[in-house]
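[1] Fold the following.
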Amino acid sequence: METVTAQGLNEWQKKVTQVLENGSNVLVVAPTGSGKSHLAMSVALTSARTLWVLPTKALTREWFMRSLESAAGPMRLPNIYTGDYRRDTPFYEGDLVFATYESALTQLRRKDPWFSALELLIFDEFQFVGEEERGGVVEELLILLSELKPTTTLLALSATIGNPETLASWLSRLFARPAQLVEIPYIERPVKLTQRAVKLRGEQEKRRYLYELIRSSPSEQFLVFTPRRFDAENLAKQFRNGGILTAAHHAGLDRLSRVTAEDSFRRGKIQVLFCTATLQYGVNLPAHTVVVYDPVWSAASREFYLSTNDYLQMAGRAGRPIKSPVTGEVIVSGHVFVLSTDNYEHNYAKAHLINQQPEPLESSFETELVQRIHGLLLYKSATEIRKLLSKSFARVQNKQISAAIRLLEEMRFVKSGWLTPLGSFVAELNLSPFIASRFLRLLESRFTERSVGKAAAQQAFEEALRETSSIPSNLSRYQDLLNWVFVERRHLDGQLLMVNYTCPPILRDRVAWYLYAFERLSGFVGANMAAQAIATERVSLEGLDQVVRPTERIRKLTSGGKRVYIEVAIKDYDKAANVGVADWLGFRVHVVGVPRGWSDVVEILDYNGPNINAKPAATPHFLSSAEEGNSLTE
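    Residues are numbered from 1 along each chain as shown. Model (predicted):
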């Protein structure tokens with residue numbers, strides 16, 4: 001690795017950079033708010049080819065945008081990949097890539113040659129290795145990288161690992177370089193937290209207590225975590241009606257609504273943000289106080305408990321060492337309240353949440369063992385895979401491996417110990433073999449190739465619902481996803497034109513991805529008419545066939561002399577013309593001077609047929625730097 005500048009780094013951060021430069025990998029376990037992400041950005045901007053992986057699309061996009069804002073002097077153009085099939089390219093591009101875990105895993109399954117020159121992997125929120133639903137993705141990602149590029153330098157970051165020595169030892173076995181643990185004690189957290197469990201008599205008293213708590217600190221800002229989206233919205237509305245400036249934030253909202261809520265909080269325009277777990281990871285907000293509204297809750301006839309590690313992530317959002325937008329002073333204290341309405345909840349909070357140490361992480365690799373083995377078979381045969389599986393953080397038994405391979409054989413994805421061409425295609429697509437098998441059975445059923453589009457859309461909808469913990473009551477069939485309306489908001493000196501779907505964007509995106517996967521799979525097996533029918537459904541779901549309605553709305557606004565703004569995410573970039581291209585409904589939007597991955601509001605300059613020419617609504621920081629003589633490219 002190149003030498004990392006020590007400017008702006010504290011002592012422990014300098015120690016980490018020195019360990020990396022000396023040839024070791026590093027696992028950093030440090031309290032929230034202590035500067036892990038600042039360290040990562042410093043290392044990323046001064047290293048050669050770097051991959052920075054993060055758990056969510058929103059967090060990946062946030063750090064990608066921050067890397068653009070950090071441009072000062074010559075810098076390579078960063079790139080972003082979040083598993084968006086609309087940008088399904090076979091290979092990564094660029095020397096600084098931000099990606100979700102799933103995107104990186106897909107490229108490793110494809111044996112992307114980009115990894116051959118990889119120097120540094122920054123693994124953010126490393127505690128996800130123990131997460132039940134996605135821990136297997138993390139393990140497979142690291143196992144495949146250790147096969148494809150074992151000499152990669154690794155910087156893993158987390159605030160909530162209870163057994164860091166065990167994890168560091170595992171990383172040392174995986175890669176060619178030894179892994180050194182750098183553990184920063186809680187006392188090093190710049191802003192100390194006070195934590196308190198409060199027992200109240202019923203829901204009404206709990207809301208009244210929270211209301212008085214907020215009212216008693218008018219110059220402080222609050223994050224209130226609730227487990228359910230409708231609770232976040234209802235509480236925000238109720239407290240707003242009580243004279244408190246509030247907003248809601250959850251995964252069911254469109255991206256612009258979430259970003260607007262965060263920005264309003266950062267500017268001090270709202271005092272309280274009622275949110276779900278969407279804000280528990282990596283977000284830097286000026287909150288003095290965090291409130292956990294329900295440590296125990298019920299859903300779908302089951303009872304759920306907030307884990308110690310998730311609680312610590314939420315608590316860590318309080319007392320960040322940044323300036324309060326309300327007082328203009330740096331926050332010097334943080335507070336956490338856990339509210340409960342019975343003895344059981346209260347005792348659970350005191351025993352498992354308040355002032356607790358992080359829990360040890362355990363492997364969840366076996367949870368999706370068939371899918372994980374399906375991916376590993378791209379690298380080894382069935383007879384060799386036991387050695388590869390020995391690299392797992394788990395201890396997978398031989399009988400489990402044999403059972404998984406038999407299932408893949410029954411699904412026609414494995415034959416004579418090797419993946420079949422169909423099995424390889426499904427694995428490289430990173431599609432669950434079970435979902436792929438169900439779809440192939442649908443293709444072979446009595447549906448005609450033309451009518452299979454509707455049937456595939458319904459299956460995609462049902463598969464996505466199986467993965468969704470909170471299903472809105474207005475969703476019962478695939479057609480419910482197609483309902484949308486225009487929403488207008490005042491923005492700068494004009495109107496922001498938004499497309500508002502009645503379903504959560506995360507659900508709609510997941511269904512669209514399954515349709516894309518089914519489309520590709522149909523084409524692979526030669527069912528081309530079925531592929532076309534499924535593509536038609538996907539285009540309709542995404543609104544890519546919508547030109548007339550938006551044209552009429554834009555014409556109506558501009559004829560009245562109003563400036564019109566829309567939000568876009570740049571999918572392609574023409575380097576020669578310095579133009580980014582995005583899809584917005586049925587339009588291709590051309591924006592001068594912004595790179596691939598850039599997401600923000602643009603002003604429509606003119607439109608002609610399915611093409612819109614636009615410019616950023618506000619000059620991005622990196623464009624200002626370029627105009628002053630700084631360049632983004634080498």
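[2] which intervals of this structure have sub-threshold pLDDT?
    1-7, 71-76, 85-89, 300-301, 449-450, 469-470, 619-634 (pLDDT under 70).
[3] gap between the nearest residue to residue 191 once chain neighbours are set aside and residue 294?
    Nearest non-adjacent residue to residue 191, counting by Cβ to Cβ, 6 or more residues apart in numbering: residue 319, 3.7 Å away. Heads up, the C-betas are built off the backbone N, CA and C, glycines and all. Distance of residue 319 to residue 294, given as Cβ to Cβ, to the nearest Å: 22 Å.
[4] Kindly report the same for residue 311.
    Taking Cβ to Cβ, one finds residue 311 at 12 Å from residue 294.
[5] who's more crowded, these two?
    residue 311 (27 against 19; other Cβ atoms under 10 Å).
[6] Would you map out the domains in the protein?
    Using automatic domain parsing, the domain ranges for the chain come out as 11-188, 193-352, 548-627.
[7] Compare those and report which one is nearest to residue 376.
    Residue 376 sits nearest to domain 11-188 of all the domains of the chain, at 6.8 Å, using Cβ to Cβ.
[8] Straight-line length of that closest one, end to end?
    11 Å (Cα to Cα, to the nearest Å).
[9] do stretch 237-257 as well
    Termini of stretch 237-257 sit 15 Å apart (Cα to Cα).
[10] Tell me which residues of it come out buried.
    239-240, 244, 246-254, 256-257 (16 or more other Cβ atoms under 10 Å).
[11] Likewise for stretch 356-373?
    356, 358-359, 361, 363-366, 368-373.
[12] check contacts around residue 467.
    For residue 467, the contact set (Cβ atoms under 8 Å, 6 or more residues apart in numbering) comprises residue 510.
[13] How about residue 370?
    404, 407, 408, 433, 434.
[14] Assumed the last one was part of a strand.
    Translated: residue 434. No - with DSSP: H, G, I helix; E, B strand; the rest coil as the criterion, residue 434 is located in helix rather than a strand.
[15] Residue 521 is nearest to which of the domains of the chain?
    Per Cβ to Cβ, nearest to residue 521 of these: domain 11-188, 12.6 Å.
[16] Leaving out sequence neighbours, find the closest residue to residue 568.
    Leaving aside its sequence neighbours, residue 568 is closest to residue 582 (3.8 Å, by Cβ to Cβ, 6+ apart).
[17] Specify the beta-bridge partners of the one you found.
    In this entry, residue 582 is beta-bridged to residue 589, by DSSP bridges.
[18] Could you report the neighbour count for the spatially closest residue to residue 96 that is not a sequence neighbour?
    Leaving aside its sequence neighbours, residue 96 sits nearest to residue 78 (Cβ to Cβ, 6+ apart; 4.3 Å). Residue 78: 27 surrounding residues under other Cβ under 10 Å.
[19] From residue 595, how far out is residue 78?
    As judged by Cβ to Cβ, residue 78 and residue 595 stand 8 Å apart.
[20] can you pull out the strands in the stretch 1-150 of the chain?
    Counting by DSSP state E, counting those that start in this stretch, the stretch 1-150 of the chain has these strands, from start to end: 25-29, 50-54, 79-81, 96-100, 120-123.
[21] tell me which strands and helices the longest helix along the chain is in contact with?
    Counting by DSSP state H, the longest helix found in the chain is helix 505-524. With contacts taken as 3 or more Cβ pairs under 8 Å, 6 or more residues apart in numbering; DSSP states H and E, helix 505-524 sits against helix 421-429, helix 433-443, helix 452-466, helix 528-542.
[22] Let me have those helices in JSON lines, adding distance to residue 208 and mean neighbour count as columns.
    Shown next, in JSON lines, are the helices and strands packed on helix 505-524 (distance: least, Cβ to Cβ, whole Å; neighbours: other Cβ atoms under 10 Å):
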{"stretch": "helix 421-429", "distance to residue 208": "52", "mean neighbour count": "19"}
{"stretch": "helix 433-443", "distance to residue 208": "47", "mean neighbour count": "18"}
{"stretch": "helix 452-466", "distance to residue 208": "37", "mean neighbour count": "20"}
{"stretch": "helix 528-542", "distance to residue 208": "44", "mean neighbour count": "19"}
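[23] what's the closest of these to residue 497?
    Closest among the helices and strands packed on helix 505-524, using Cβ to Cβ: helix 528-542, at 17.1 Å.
[24] how big is the angle separating the closest one from helix 452-466?
    Going by axes from the mean of the first three to the mean of the last three Cα atoms, to 10 degrees, helix 528-542 is angled at 50 degrees with respect to helix 452-466.
[25] Just after helix 528-542, pick out the following helix or strand.
    helix 548-559 (DSSP states H and E).
[26] Who does whatever helix or strand comes next after that following helix pair with, and is each partner parallel or antiparallel?
    The C-terminal neighbour of helix 548-559 among helices and strands, as given by DSSP H and E, is strand 563-569. Applying DSSP bridges, strand 563-569 is found paired with strand 494-501 (parallel), strand 599-608 (antiparallel).
[27] List the contacts of strand 563-569.
    255-256, 491-498, 554, 557-558, 582, 584, 589, 591, 597-604, 612, 614, 617.
[28] Now, of the residues you listed, which are buried?
    The buried subset of these - by 16+ other Cβ under 10 Å - is 256, 491, 494-498, 554, 557-558, 582, 584, 589, 591, 597-604, 612, 614, 617.
[29] Residue 121 reaches residue 145, doesn't it?
    Yes - using Cβ atoms under 8 Å, residue 121 is in contact with residue 145, at 6.8 Å.
[30] Leaving out the residues flanking it, which one is nearest to residue 112?
    residue 91 (5.1 Å).
[31] hang on, the earlier thing: which residues are in contact with each of residue 121 and residue 145?
    Common neighbours of residue 121 and residue 145 (Cβ under 8 Å, 6+ apart) are residue 152.
[32] Off-centre distance for stretch 404-411?
    Remark: stretch 404-411 is offset 31 Å from the chain centroid, using Cα atoms, centre = their mean, to the nearest Å.
[33] what's the helix or strand for the residue lying closest to residue 380 once chain neighbours are set aside?
    Nearest residue to residue 380, sequence neighbours excluded (Cβ to Cβ, 6+ apart): residue 388, at 5.0 Å. Residue 388 is located in helix 385-389, with elements delineated by DSSP H and E.
[34] The helix or strand residue 182 falls within pairs with which strands?
    Using DSSP H and E, the element containing residue 182 is strand 179-183. Sheet pairing of strand 179-183 (DSSP bridges) gives strand 25-29 (parallel).
[35] so residue 132 makes contact with residue 365?
    No - if you go by Cβ under 8 Å, residue 132 and residue 365 don't touch, sitting 10.8 Å apart.
[36] on that earlier part again, can you give me the neighbour number for the residue nearest to residue 380?
    By other Cβ under 10 Å, neighbour count at residue 388 equals 18.
[37] what about it, distance to residue 190?
    From residue 388 to residue 190 the distance is 42 Å (Cβ to Cβ).
[38] What helix or strand is residue 154 located in?
    Per DSSP H and E: strand 153-158 holds residue 154.
[39] Check which element follows that strand along the chain.
    helix 164-174.
[40] Alpha carbons only: can I get that following helix in CSV?
    What follows is helix 164-174, C-alpha atoms only, in CSV (Å, rounded to 0.1, in the frame of the first residue of the first chain):
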residue,chain,number,x,y,z
PRO,A,164,-13.1,-9.8,18.0
GLU,A,165,-10.1,-12.1,18.7
THR,A,166,-12.0,-15.1,17.1
LEU,A,167,-12.9,-13.0,14.1
ALA,A,168,-9.4,-11.8,13.6
SER,A,169,-8.1,-15.3,13.9
TRP,A,170,-10.6,-16.4,11.2
LEU,A,171,-9.5,-13.6,8.9
SER,A,172,-5.8,-14.7,9.3
ARG,A,173,-6.7,-18.2,8.2
LEU,A,174,-8.6,-16.8,5.1
